[in-house]
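S.K.: next come a sequence and a model predicted from it.
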Amino acid sequence: MEIRPTTGDEFDVFVDTTHAAFARFPETPATVWSALEMDRGLFAMSDDGRPVGTASAHSFELTLPGEAVIPVSGVTAVGVLPTHRRRGALSAMMLRQLADFRARGEFLSVLLASEAVIYRRFGYGPATYTHRLTVQRHQAAFAVPQADGGSVELLRRADCGEILEEVYDRYRRTRPGALSRPRRWWTAGAGLAPISAAPRYIAVHRDADGVPDGYASYSHTAPSTLTVDETIAADDAVGTALARFLLEHDLITQVVFKHCPPDHPLRWQLEDFRAAEAADDTDWLWVRLLDIPRALTARGWFADGELVLDVDDPALGEHGRHLLTVRDGEADCVPTDREPDLSLDVSDLGSIYLGGTAPSTLVRAGRVRAHRPGAAALADALFRAERPPHCLHWF
Ligand SMILES: CC(=O)SCCNC(=O)CCNC(=O)[C@H](O)C(C)(C)COP(=O)(O)OP(=O)(O)OC[C@H]1O[C@@H](n2cnc3c(N)ncnc32)[C@H](O)[C@@H]1OP(=O)(O)O
């Protein structure tokens, strides 16, 4: 099956083929597709010269533990027509993409998976997690005092100018797992609210000097329910001030906070821990290492130690043994023939890389093999991030 890049004038065919692969008619707003970079698209072509599969990639920046910001390709729009499935079209496109990403000099790739059984075979592992918190207002008394000297202003989405973009950009540079939202996404309104121009109320938090340092994007959905698309906050005090604001709405019985990170403090701030119910706990960003030494030396580290990782990469037909040495927050990674501490698949290294999945969990699950007592605990201590990684960008 031939795989070839798309050209700028094939936008409509690309979108039409992807729609057919997902069995959707073009109800997806055109603005979502306007974020595509057509020079990064691929077609899988049938023998009679028709496009039967699509894949593309967005250019993002990803924040690693230690606030290192690196370029990554975000895989998207992957689909194969139902008439041409299980003949290797996806595999051919994925392998082509991985080679293209390396040729761009990138050492990491990311994606959001439609199904969790598709992408491990190509070396991707789930690396960040998200859940929804639903809070019953009548139980939502705070147990902690208000500790905020700022203010909240209520705006309509259409009146926000560049406030959201600026606040998001400052936030994402400090949060491991967060992706950039390129400027043209905001200007084109490409994506989900609040990037899109969809009608939303926006609670903008300002610090004591009036500078915006957080926002919450929300709408009134089911009867008596406020649904919050996302809360972006410079720090916990700002996040808490926005949560209080949302929970103080009259005529509302419950507030649904979408896209909460694993370390969301809200349940611990309420008198009634059970007032906030967690649901939809799911994987979000999947990570794929393309160059293990470069990836391991790029992130920040928060404990010292030495670990030998024996990593298998069946998709690329590669295998390597790496000595990772961390001293004072910096890592060195060199080939070694020393006995390994851990043996693992590159997809599992992707899962632990951002610090959101404990290596010991994967050892206990039987996915990662620990060769000596204490190896898993040392790996846990080494790979931990300053806080759990979180990504709420949809692409
Ligand atoms: C990042 C994103 O864009 S996520 C969106 C992914 N796209 C979708 O979910 C749209 C609907 N599905 C599809 O278009 C197709 O089924 C795809 C793209 C998932 C798979 O395309 P195909 O060309 O059929 O995959 P391909 O033939 O290369 O399969 C490779 C292997 O993956 C397996 N596989 C592929 N899709 C699936 C799946 N959905 N569930 C389980 N196994 C799968 C195949 O069985 C095959 O296994 P094998 O190597 O052991 O034989």
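M.R.: Here it is on my side, so go on. Numbers count the residues shown, from 1 in each chain.
S.K.: and the closest residue to Phe273 other than its chain neighbours, what's its pLDDT?
M.R.: Nearest residue to Phe273, sequence neighbours excluded (Cβ to Cβ, 6 or more residues apart in numbering): Arg267, at 5.4 Å. Bear in mind the C-beta positions are built from the backbone N, C-alpha and C, glycine included. We have a pLDDT of 96 for Arg267.
S.K.: on the three-state scheme, Arg267 is what?
M.R.: helix (DSSP: H, G, I helix; E, B strand; the rest coil).
S.K.: OK, contacts around it?
M.R.: Arg267 is in contact with 133, 273, 275-276, 278, counting by Cβ atoms under 8 Å, 6 or more residues apart in numbering.
S.K.: which of those fall in strands?
M.R.: 133, 276, 278 (DSSP state E).
S.K.: the ligand contacts on the stretch 101-250 of the chain?
M.R.: Applying Cβ under 6 Å from any ligand atom, we find that the stretch 101-250 of the chain lies next to the ligand at 111-115, 117-118, 121.
S.K.: coming back round to it: could you tell me which of the contacts of Arg267 count as buried?
M.R.: Among those, the ones that count as buried by 16 or more other Cβ atoms under 10 Å are 133, 275-276.
S.K.: which one is Asp16 nearest to, not counting chain neighbours?
M.R.: Excluding the flanking residues, the one nearest Asp16 by Cβ to Cβ, 6+ apart is Pro26, at 7.8 Å.
S.K.: so how far is the worst-scoring helix or strand of the chain on mean pLDDT from its chain's centroid?
M.R.: Taking mean pLDDT, DSSP states H and E as the measure, the helix or strand of the chain with the lowest value is helix 30-33, at a mean of 84. With Cα atoms, centre = their mean, to the nearest Å as the basis, helix 30-33 stands 20 Å off its chain's centre.
S.K.: same thing with stretch 145-160?
M.R.: For stretch 145-160 - counting by Cα atoms, centre = their mean - the centre lies 26 Å from the chain centre.
S.K.: ok, now stretch 356-365?
M.R.: Centre to centre, stretch against its chain (Cα atoms, centre = their mean), the figure for stretch 356-365 is 19 Å.
S.K.: could you do stretch 216-228 as well?
M.R.: With Cα atoms, centre = their mean, you get 23 Å for stretch 216-228.
S.K.: stretch 310-319 too?
M.R.: That offset, for stretch 310-319, works out to 24 Å (Cα atoms, centre = their mean).
S.K.: close to the ligand, is it?
M.R.: No. Using Cβ under 6 Å from any ligand atom, stretch 310-319 never reaches the ligand; the gap is at least 10.3 Å.
S.K.: what residues sit buried inside that stretch?
M.R.: Of the residues in stretch 310-319, those buried (16+ other Cβ under 10 Å) are 310-313, 315.
S.K.: so Thr240 sits in a helix?
M.R.: Yes. Looking at Thr240 with three-state DSSP, it is inside a helix.
S.K.: which one among the ones in strands among the contacts of Arg267 gets closest to the ligand?
M.R.: Of all the ones in strands among the contacts of Arg267, the ligand sits closest to Ala278, with 25.0 Å by Cβ to the nearest ligand atom.
S.K.: wait, that closest one sits on Arg132?
M.R.: Yes. The criterion here is Cβ atoms under 8 Å, and Ala278 meets it with Arg132 at 7.2 Å.
S.K.: against which helices or strands is the longest helix belonging to the chain packed?
M.R.: Using DSSP state H to define each element, the chain has its longest helix at helix 89-103. Where contact means 3 or more Cβ pairs under 8 Å, 6 or more residues apart in numbering; DSSP states H and E, helix 89-103 is packed against strand 2-5, strand 42-45, strand 51-64, strand 68-80, strand 108-112.
S.K.: looking at the buried residues of stretch 310-319, which is nearest Ser343?
M.R.: Asp310 (4.3 Å; Cβ to Cβ).
S.K.: ok, the closest one - contacts?
M.R.: 319-321, 340, 342-344.
S.K.: for ChimeraX, what selects the buried ones among these?
M.R.: Remark: buried members of these, expressed as a ChimeraX selection using 16+ other Cβ under 10 Å:
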select :321,340,342,343,344
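S.K.: out of the buried residues of stretch 310-319, which is nearest to Arg87?
M.R.: Closest to Arg87 out of these is Ala315 (17.8 Å), distances taken as Cβ to Cβ.
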